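Undergrad: Structure for the following, please:
(one chain, ligands or ions: 2)
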Amino acid sequence: MGAVLGVASLALGSGAVPLDLNNLNNGHLSLQLNIDLNQDAFGANAFAANDLFTFTSLHSIQATPDQVVNDTTPTGGLAGASGVFNFGINSHANMICYNITLHNFQGEFESPADTATHIHEAARGASGPPRIAFPNPEPIDEAGTVRNSAGCLKGPFVTGVIMEEKDTGEGFHVSQIEQNPAAFMADTHSSLALPGAVRGQIA
Ligand SMILES: *[C@@H]1O[C@H](CO)[C@@H](O)[C@H](O)[C@H]1NC(C)=O
Ligand SMILES: *[C@@H]1O[C@H](CO)[C@@H](O)[C@H](O)[C@H]1NC(C)=O
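TA: Ligands and ions are numbered 1, 2, ... in the order given. Predicted coordinates:
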């Protein structure tokens, strides 16, 4: 009995499982579970359960120093550095999975945004606001010349950069990248190359 009550209080503590304590008779406990995914499937912003596990597009971007600009002036970026930004977009879930690898990054990650590794809304040769901020890649080899970060982020997005009184990630939806990939680029910023170390256009 003690063990059963222990489970019941854990479940109540999580807030996710409605428990009717009137059903707790003679040591028998009946639980009614509402699975969130099933509820969402009938909601206004519904996406079918399988859509959560399907990318609507994949993007592999080669990022180089020569693509970096300050406003529209090429800066040369961080000489010798390079990056591969792999993205899987799920526009049903407003989610983006990322696998970002940097070679020969130097200096410290530095940006006015929450992190220094971004997707910006900016056409080739132009600058524009960050829309998504990714965790900065961490060294994965002993010499520290290769860095990686991988995972998934889901909207609503927050960059930490405020323009026109709102965060530049506010209201952003990953489907905007799919609708016009040439209007977006990925980059990372170094203390040795503030406008950008490496940059690559999504299309
Ligand atoms: C990320 O991409 C690299 C190749 O660029 C691959 O070796 C690695 O397994 C990938 N990591 C994940 C988590 O997908
Ligand atoms: C971009 O160029 C302007 C004008 O030369 C300069 O004032 C500014 O500091 C530069 N921005 C960065 C991030 O280096």
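
Undergrad: Report pLDDT for F53.
TA: pLDDT for F53: 87.

Undergrad: For it, give its distance to D187.
TA: Relative to D187, F53 is positioned 29 Å away (Cβ to Cβ, to the nearest Å). For the C-beta atoms, the positions are set from N, CA and C on the backbone; glycine is no exception.

Undergrad: Which one's more surrounded, those two?
TA: Shown here are F53 and D187; by other Cβ atoms under 10 Å, D187 has more neighbours (26 against 8).

Undergrad: what about the helix or strand where the more buried one lies and ligand 2, touching?
TA: D187 is part of strand 184-190 when elements are defined by DSSP states H and E. No - judged by Cβ under 6 Å from any ligand atom, strand 184-190 makes no contact with ligand 2; its nearest approach is 8.2 Å.

Undergrad: packing partners for that strand?
TA: Strand 184-190 sits against strand 57-63, strand 82-90, strand 95-103, strand 117-121, strand 193-201, with contacts defined as 3 or more Cβ pairs under 8 Å, 6 or more residues apart in numbering; DSSP states H and E.

Undergrad: redo that, cut-off 6 Å
TA: Contacts defined by 3 or more Cβ pairs under 6 Å, 6 or more residues apart in numbering; DSSP states H and E place strand 184-190 against strand 117-121, strand 193-201.

Undergrad: Kindly reformat the ones you listed as a markdown table containing mean pLDDT, distance to A81 and mean neighbour count.
TA: Formatted as a markdown table, the helices and strands packed on strand 184-190 follow (pLDDT from 0 to 100; distance: least, Cβ to Cβ, whole Å; neighbours: other Cβ atoms under 10 Å):
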| stretch | mean pLDDT | distance to A81 | mean neighbour count |
| --- | --- | --- | --- |
| strand 117-121 | 98 | 13 | 25 |
| strand 193-201 | 98 | 5 | 24 |
